[in-house]
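K.L.:
Sequence below, structure please.
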Amino acid sequence: MALPVPLLTAMLAMTAIVAFRYAAVSGAFAWLTERRAPGLYAGRGGQIRKEIGWSLASAAIYGLPAGLLAWGWQARGWTRIYSNASDYPLWWLPASVLLYLLLHDTWFYWTHRWMHRPRPFKIAHAVHHASRPPTAWAAMSFHPVEALTGAVVIPGLVLFIPIHYGALLVVLSVMTVMGVTNHMGWEMFPDRLVRGPAGKWLITASHHERHHRAYRCNYGLYFRFWDRLCGTDDGLGTFAAHPRAGGAAAGADAERGGGAERGGTRHRADAA
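P.N.:
Model (predicted):
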């Protein structure tokens, strides 16, 4: 049976929006990288083309269910998305953003950690880790299996947890920006944040860099909570080139007392 035209239109439109959002944000941070760390991506044209190809395929996997839910919200009232801010207490606006990020981070940590088991890694997650090191274009460079695990989270949450559409846009913006900046190969945030008290709990490029070098540690997306609780937080990493393009990467290993990279082994928790 053919899909209703409004539903098909919504799904295709959302796919185009996700693809455009990826291209715009990754492109902007790739441009910024060239300004702050000239030549950092030199010689990686082939890698970047693969990252873009996989990411555009992922855009469809993310966009199709999002379009289905957008249509269901408007036409059938399927979701708990609301447009009138007075429908819930105003404190729920920031609280819902935080709750969505915490739940997304929890899902990401455990599915990401599962994908580092030998079989799922070989089947799917190896595509993402083929970017050595990743660039700003690698944020959505996933095998379809991995893309599917990420695509179901937000659509699933909006079916059960009320959220204002503006707050949902904030969640999606945070997801997009952090996905890109955590992969771009330099630290854009200042030392006082990355290596200060907030940095003990928030993930930035310095933390995720170690994951891409050592693999079996630092699995989180937004927060270091699950890594610290489960003993998989191995502190901050260093960048191979232009380590201070953004300010916080140089000497980042100091958080864990230094030490060589030990790819492929499970690391101890950060004692800090």
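K.L.:
Do a quick rundown of the helices in the stretch 1-150 of the chain.
P.N.:
Using DSSP state H, counting those that start in this stretch, the helices of the stretch 1-150 of the chain run over 5-36, 45-71, 92-115, 118-120, 126-129, 144-151.
K.L.:
and for the fifth one, what are the contacting residues?
P.N.:
The contact list for helix 126-129, computed with C-beta atoms under 8 Å, 6 or more residues apart in numbering, reads 54, 121, 134, 138, 141-143, 146, 212, 215. The way it works is simple: take the backbone N, C-alpha and C, and place the C-beta from them, glycine included.
K.L.:
How about stretch 85-97?
P.N.:
Around stretch 85-97, the neighbours that count as contacts under C-beta under 8 Å, 6+ apart are 82, 161-164, 166-167, 170-171, 174.
K.L.:
related to what we said a few turns ago, for residue 188, find the nearest of the helices of the stretch 1-150 of the chain.
P.N.:
Nearest to residue 188, of all the helices of the stretch 1-150 of the chain, is helix 5-36, at 7.8 Å by C-beta to C-beta.
K.L.:
now the closest one and helix 144-151, what's the angle there?
P.N.:
Inter-element angle recorded for helix 5-36 and helix 144-151: 100 degrees (by axes from the mean of the first three to the mean of the last three C-alpha atoms, to 10 degrees).
K.L.:
which helices and strands sit right next to helix 5-36?
P.N.:
Here helix 5-36 touches helix 45-71, helix 165-181, going by 3 or more C-beta pairs under 8 Å, 6 or more residues apart in numbering; DSSP states H and E.
K.L.:
Can I get these in a markdown table including mean pLDDT and distance to residue 233?
P.N.:
Output for those, formatted as a markdown table (pLDDT from 0 to 100; distance: least, C-beta to C-beta, whole Å):
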| stretch | mean pLDDT | distance to residue 233 |
| --- | --- | --- |
| helix 45-71 | 96 | 26 |
| helix 165-181 | 97 | 17 |
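K.L.:
Among the ones you listed, which comes closest to residue 104?
P.N.:
Set against residue 104 and scored by C-beta to C-beta, those come closest in helix 165-181, at 7.0 Å.
K.L.:
Quick one: residues in contact with that closest one.
P.N.:
Against helix 165-181 from outside (C-beta under 8 Å, 6+ apart): 21-22, 25-26, 29, 81-83, 85, 93-94, 96-97, 100-101, 104, 136, 139-140, 154, 158, 163, 188, 203-205, 221-222.
K.L.:
which residues touch the helix or strand encompassing residue 155?
P.N.:
Here residue 155 sits within helix 153-158, counting by DSSP states H and E. Residues outside helix 153-158 that contact it (C-beta under 8 Å, 6+ apart): 65-66, 68-69, 73, 79-81, 100, 103-104, 107-108, 163, 168, 171-172, 175.
K.L.:
Okay, buried residues for that helix please.
P.N.:
Residues of helix 153-158 classed as buried by neighbour count (16 or more other C-beta atoms under 10 Å): 153-155, 157-158.
K.L.:
So what's the residue count around residue 203?
P.N.:
Using other C-beta atoms under 10 Å, residue 203 has 23 other residues around it.
K.L.:
Which residue is the nearest non-sequential neighbour of it?
P.N.:
With sequence-adjacent residues excluded and distances taken as C-beta to C-beta, 6 or more residues apart in numbering, residue 203 is closest to residue 220, at 5.3 Å.
K.L.:
so how far is residue 52 from the one you found?
P.N.:
According to C-beta to C-beta, to the nearest Å, residue 220 and residue 52 sit 25 Å apart.
K.L.:
Between these two, which is the more surrounded one?
P.N.:
Neighbours were counted for residue 220 and for residue 52 using other C-beta under 10 Å; residue 220 has more, 26 against 19.
K.L.:
ok, now which ones touch the more buried one?
P.N.:
105, 108-109, 112, 203, 207, 226-227.
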